[in-house]
Each structure stands twice: as structure tokens, then as C-alpha cells.
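K.L.:
Structural data only, the sequence is not supplied:
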């Protein structure tokens, strides 16, 4: 299936094979991770939106489950430690979430985009696995 991802820029697509990962902007290394595929993207469904998302899928042993993590109360961040914990259980992950809260509060269309677009992108990427 070849689905297009409008208003989406893939900013990273990498195989993480070394058992550890350091999140962008962090110095804290997460270790004991199974090998996985990491895809990061920026979604811009409106001219003033800048939504960062990530999708992680285990390189092998995926249990077929897919879990959305994060965004409780519009956190405005990607919860990498929670993603690492779920990945260790063989779960594929989608997290949408690094969007500035002020922009969310002022722009209902951005709230809708944050709530919907990252799920679409995650589904497309999962299907291309």
C-alpha cells in the first residue's frame, strides 16, 4: 500500500540496533532496548502548525499491538521513557505531541490536527513496514 502523507515531512528514519537511544535534545541515554525502527516527522496541516511525532516499531518480535502514548493534558512533549518501556514489551508505538500549548489554545484547527494527524501518519508508516 502506497499512501501519501500530505503536509508531512519525515525528519528521521533510522534503525536503532545498538540497544540504546538518546532522545533528541537529551543527554540521558535509554538502554536495554530491543532493536527498533524509529520514524520522526513534522506535521503542518495548517500554516501555523508545527507538530512533531514519532513512530517506533520493533525490528522483530512485534506482538501486533499498536499503542498511542503521551499528550495527557496537551503535554507538548514526546515521552521517550514511556515509549522505551512499551517497546520492551514488543508494542509498536505512535506518539504525537511536541506542539506548543499556546498555539493549541489559540487555534482549534491545530488541536484537531494534533489529535488526528499523528494517528493517520502512524497507520501509514505501520502499513509500509
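P.N.:
Nice, I can see it. Model, not experiment: these values are computed from the prediction.

K.L.:
just the helices in the protein please.
P.N.:
In the chain, the segments counted as helices under DSSP state H are 80-87, 101-106, 108-127.

K.L.:
worst average pLDDT in those?
P.N.:
Per-segment mean pLDDT for those reaches its minimum on helix 101-106, at a mean of 50.

K.L.:
Low-confidence stretches in this protein?
P.N.:
1-3, 70-76, 94-129 (pLDDT under 70).

K.L.:
Okay, strands next: where are they in it?
P.N.:
8-16, 21-22, 29-30, 36-43, 51-58, 66-68, 92-98 (DSSP state E).

K.L.:
Out of these, the one nearest residue 77 is which?
P.N.:
strand 92-98 (5.8 Å; CB to CB). C-beta coordinates here come from the backbone N, C-alpha and C atoms, glycine included.

K.L.:
returning to what we had before: what would the strands of the chain look like in CSV with distance to residue 78 and mean neighbour count?
P.N.:
Shown next, in CSV, are the strands of the chain (distance: least, CB to CB, whole Å; neighbours: other CB atoms under 10 Å):
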stretch, distance to residue 78, mean neighbour count
strand 8-16, 12, 13
strand 21-22, 12, 16
strand 29-30, 13, 14
strand 36-43, 9, 20
strand 51-58, 6, 23
strand 66-68, 12, 14
strand 92-98, 5, 24
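
K.L.:
Can I get these in CSV including distance to residue 82?
P.N.:
What follows is the strands of the chain, written out as CSV (distance: least, CB to CB, whole Å):
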stretch, distance to residue 82
strand 8-16, 16
strand 21-22, 13
strand 29-30, 11
strand 36-43, 14
strand 51-58, 11
strand 66-68, 10
strand 92-98, 8
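
K.L.:
Tell me which of the ones you listed approaches residue 80 most closely.
P.N.:
Of those, nearest to residue 80 by CB to CB is strand 29-30, at 6.6 Å.
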